[in-house]
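Colleague: fold the following for me, if possible:
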Amino acid sequence: MAAQIKTPSFPPLVTKKKRSIKPRLISSKLAYKGKVFSVFTDKVEEPGGGINVRDVIRHNGSVVILAVDESKNPTDPDIIFERQYRHAAGQFLIELPAGRVEPKEATLAAAKRELIEETGYRAKRWTLLAKYFASPGFLGEWMQIYLARDIREGTATPEPDENIEVFRLPLSEALALIAANKIHDGKTLIGLMLYDAIRRKGSH
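Modeller: As a prediction, this is how the structure comes out:
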């Protein structure tokens with residue numbers, strides 16, 4: 001059966017009409033090119049006429065998967081988590097599965113691929129929950145969070161440098177970890193709290 005995907009409906013935002021002027025890009029120079037991202041030094045002219053130099057990290061974007069098992073307890077479903085050491089953070093983090101979108105790859109296809117590779121799980125129903133920028137002051141990376149339901153287990157095939165511990169927690173326990181300040185990963189905080197809010201409104 002083909003995977004189903006839907007986007008939850010939200011009330012329209014009420015905003016005042018205001019004309020915004022974007023800064024003008026004067027020049028952009030590649031300062032560093034890595035395997036995962038590139039760094040550009042951009043010279044921009046601000047709306048007020050000032051000239052600023054900004055270092056920007058460019059990235060293809062990422063997907064985050066909130067995989068849910070409602071089969072045993074629909075009122076408090078299990079969530080699939082990962083625990084892995086993050087060198088930049090200098091600690092082990094509890095996270096939702098996630099990964100980079102390859103060039104020209106559709107985000108849903110990337111989400112399915114990353115879920116299988118990192119956890120072995122597959123899902124029949126997919127819902128796009130949100131798209132956000134992780135740190136837009138200097139990082140161009142965006143992230144899309146998908147809700148994956150009707151999951152089934154399989155065999156994970158992580159990358160050689162991915163030492164991942166996959167485990168499950170009921171939603172209530174995951175929220176308790178957030179309240180106890182034991183989950184520090186941004187995408188995981190956003191995904192869990194958004195999912196909990198949608199469930200409370202009965203729109204999942």
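Colleague: phi, psi for the most centrally placed residue in the chain please.
Modeller: Centrality entry for the chain: nearest residue to the mean C-alpha point is residue 64, 3.6 Å, by Cα atoms, centre = their mean. Main-chain torsions, residue 64, degrees, to the nearest 10: phi -120, psi 140.
Colleague: and residue 23, by the same measure?
Modeller: Here residue 23 shows phi and psi, under degrees, to the nearest 10, equal to phi -60, psi 150.
Colleague: kindly provide the distance from it to residue 46.
Modeller: 5 Å (Cβ to Cβ, to the nearest Å). C-beta here means a position set from N, CA and C on the backbone, and glycine is covered the same way.
Colleague: same question, residue 199
Modeller: Distance of residue 199 to residue 46, computed by Cβ to Cβ: 43 Å.
Colleague: next one: residue 192
Modeller: Here residue 192 is placed at a distance of 37 Å from residue 46 (Cβ to Cβ).
Colleague: those two: which has the busier surroundings?
Modeller: residue 192 (22 against 12; other Cβ atoms under 10 Å).
Colleague: host element of that one?
Modeller: Using DSSP states H and E, residue 192 falls within helix 186-201.
Colleague: and that helix, what's buried?
Modeller: Across helix 186-201, burial judged by 16 or more other Cβ atoms under 10 Å covers 187, 188, 190, 191, 192, 194, 195, 196, 198.
Colleague: so among these, where is pLDDT lowest?
Modeller: Among the buried residues of helix 186-201, residue 198 carries the lowest pLDDT, at 94.
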